[in-house]
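Participant: All I have is the shape, not the residue letters:
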């Protein structure tokens, strides 16, 4: 890639990274549940513990998460590929994803997917516009890491999924 085309170089470089994949769920004030597959999430502070999760503005889940007080971030292993497909290939605009998987009510009413590698519920501290995504700064308030073993599900494992929405 030529130095005069920084966006192409950037896209080529980030396409080769194996970002961890997550499923984010939330419940709205009206009880509406939503969830989606995300690849833009990271720990952003050690003390105090903080997690940053980015959701596409085009995503059905964004409309629920933007008003939620608590968001649940599910850490996935390769054995969770079916969950990734459900939450990544379908949109809540068309189907009830939670009618197709096991879940239980979690903190703030947000759905928890108990079969995943683990999860962290976070209170939304702030929101930041990042372009086509909004970043949600989360303070962990609950979680489960009992199944934390196994290889994480990464971007390279799901890059061929047909997404429910464009980014």
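Facilitator: Done, it's in. For clarity, every value in this text was computed on a predicted model and none was experimentally measured. Numbers count the residues shown, from 1 in each chain.

Participant: Name the helix or strand of the chain that has the lowest mean pLDDT.
Facilitator: For the chain, using mean pLDDT, DSSP states H and E, the weakest element among its helices and strands is helix 155-158, scoring a mean of 84.

Participant: so what secondary structure elements neighbour it?
Facilitator: helix 81-89 (3 or more CB pairs under 8 Å, 6 or more residues apart in numbering; DSSP states H and E). All C-beta spots, glycine's among them, are computed from the backbone N, C-alpha and C.

Participant: Quick check: neighbours of the very next helix or strand once past the helix it packs on in the sheet, parallel or antiparallel?
Facilitator: If you walk from helix 81-89 toward the C-terminus, the next helix or strand you reach (DSSP states H and E) is strand 104-105. The strands that strand 104-105 pairs with in its sheet are strand 111-112 (antiparallel) (by DSSP bridges).

Participant: ok, residue 127 touching residue 67?
Facilitator: No. Applying CB atoms under 8 Å, one finds residue 127 not in contact with residue 67, separated by 10.3 Å.

Participant: so where do the strands sit in the chain?
Facilitator: Using DSSP state E, the strands found in the chain span residues 22-27, 33-38, 41-45, 50-56, 70-75, 104-105, 111-112, 118-129, 133-144.

Participant: what would those strands look like in CSV with mean neighbour count, distance to residue 63 and mean pLDDT?
Facilitator: Compiled in CSV, the strands of the chain are given as follows (neighbours: other CB atoms under 10 Å; distance: least, CB to CB, whole Å; pLDDT from 0 to 100):
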stretch, mean neighbour count, distance to residue 63, mean pLDDT
strand 22-27, 28, 10, 97
strand 33-38, 25, 7, 96
strand 41-45, 14, 19, 95
strand 50-56, 20, 10, 97
strand 70-75, 25, 13, 97
strand 104-105, 10, 20, 96
strand 111-112, 20, 16, 97
strand 118-129, 17, 13, 97
strand 133-144, 18, 11, 97
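
Participant: I'd like to know which of the ones you listed is closest to residue 8.
Facilitator: strand 133-144 (20.3 Å; CB to CB).

Participant: rewinding a little: would you format the strands of the chain as a markdown table with distance to residue 82 included?
Facilitator: Below are the strands of the chain laid out as a markdown table (distance: least, CB to CB, whole Å):
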| stretch | distance to residue 82 |
| --- | --- |
| strand 22-27 | 11 |
| strand 33-38 | 12 |
| strand 41-45 | 20 |
| strand 50-56 | 22 |
| strand 70-75 | 13 |
| strand 104-105 | 18 |
| strand 111-112 | 16 |
| strand 118-129 | 17 |
| strand 133-144 | 19 |
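
Participant: Tell me which of those sits nearest to residue 156.
Facilitator: Across those, the minimum distance to residue 156, taken as CB to CB, is reached by strand 33-38, at 14.0 Å.
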